[in-house]
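J.: here is my input, please return the structure:
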Amino acid sequence: MAFDKWFNEQALWLKIVLLVLPIVGWVTELLIRLSVMLRTKSVLHIVVFIVFVIVGWGWILGVIDLIYMIVTGHLIFAE
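T.: This next block holds a predicted model:
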């Protein structure tokens with residue numbers, strides 16, 4: 001599963017659209033975090049995935065991820 005790599009290759013405007021849409025943004029972030037977790041099998045990425053599943057439905061984490069993605073080009077802990 002290389003959804004995170006596909007996402008990072010997209011244009012900035014498409015990434016923003018995929019993250020801003022309410023349900024689509026949550027699913028996109030979920031797939032990115034799942035992809036990173038399965039690819040790296042790092043404890044940090046497993047914990048981040050579990051935390052996102054539990055509290056990621058809230059808009060606060062989405063806004064933080066959106067701002068961080070605009071500045072750096074990728075989501076927090078999803079390199």
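
J.: packing partners for the helix or strand bottoming out on mean pLDDT in the chain?
T.: Ranked by mean pLDDT, DSSP states H and E, the weakest helix or strand in the chain is helix 59-72, scoring a mean of 88. If contacts are counted by 3 or more Cβ pairs under 8 Å, 6 or more residues apart in numbering; DSSP states H and E, helix 59-72 sits against helix 12-20, helix 22-40. Quick note: C-beta positions are derived from backbone N, CA and C, even for glycine.

J.: swap in 10 Å and give it another go.
T.: Under the contact criterion of 3 or more Cβ pairs under 10 Å, 6 or more residues apart in numbering; DSSP states H and E, helix 59-72 touches helix 12-20, helix 22-40, helix 43-55.

J.: list the buried ones in the last one?
T.: This means helix 43-55. If you call a residue buried by 16 or more other Cβ atoms under 10 Å, then helix 43-55 has these buried ones: 45, 48-49, 52.

J.: can you add distance to Val63 and pLDDT and give the residues you listed back as a markdown table?
T.: Below are the buried residues of helix 43-55 laid out as a markdown table (distance: Cβ to Cβ, whole Å; pLDDT from 0 to 100):
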| residue | distance to Val63 | pLDDT |
| --- | --- | --- |
| His45 | 21 | 92 |
| Val48 | 17 | 89 |
| Phe49 | 19 | 91 |
| Phe52 | 14 | 88 |
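
J.: now the residues you listed in JSON lines, with distance to Ser35?
T.: JSON lines is the format used below for the buried residues of helix 43-55 (distance: Cβ to Cβ, whole Å):
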{"residue": "His45", "distance to Ser35": "10"}
{"residue": "Val48", "distance to Ser35": "12"}
{"residue": "Phe49", "distance to Ser35": "10"}
{"residue": "Phe52", "distance to Ser35": "12"}
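
J.: tell me which of those is nearest to Phe77?
T.: The shortest approach to Phe77 among the buried residues of helix 43-55 belongs to Val48, at 4.6 Å (Cβ to Cβ).

J.: which residue packs closest to the closest one, ignoring adjacent ones?
T.: With Cβ to Cβ, 6 or more residues apart in numbering as the criterion, Val48 has its nearest non-adjacent residue at 4.6 Å, and that residue is Phe77.
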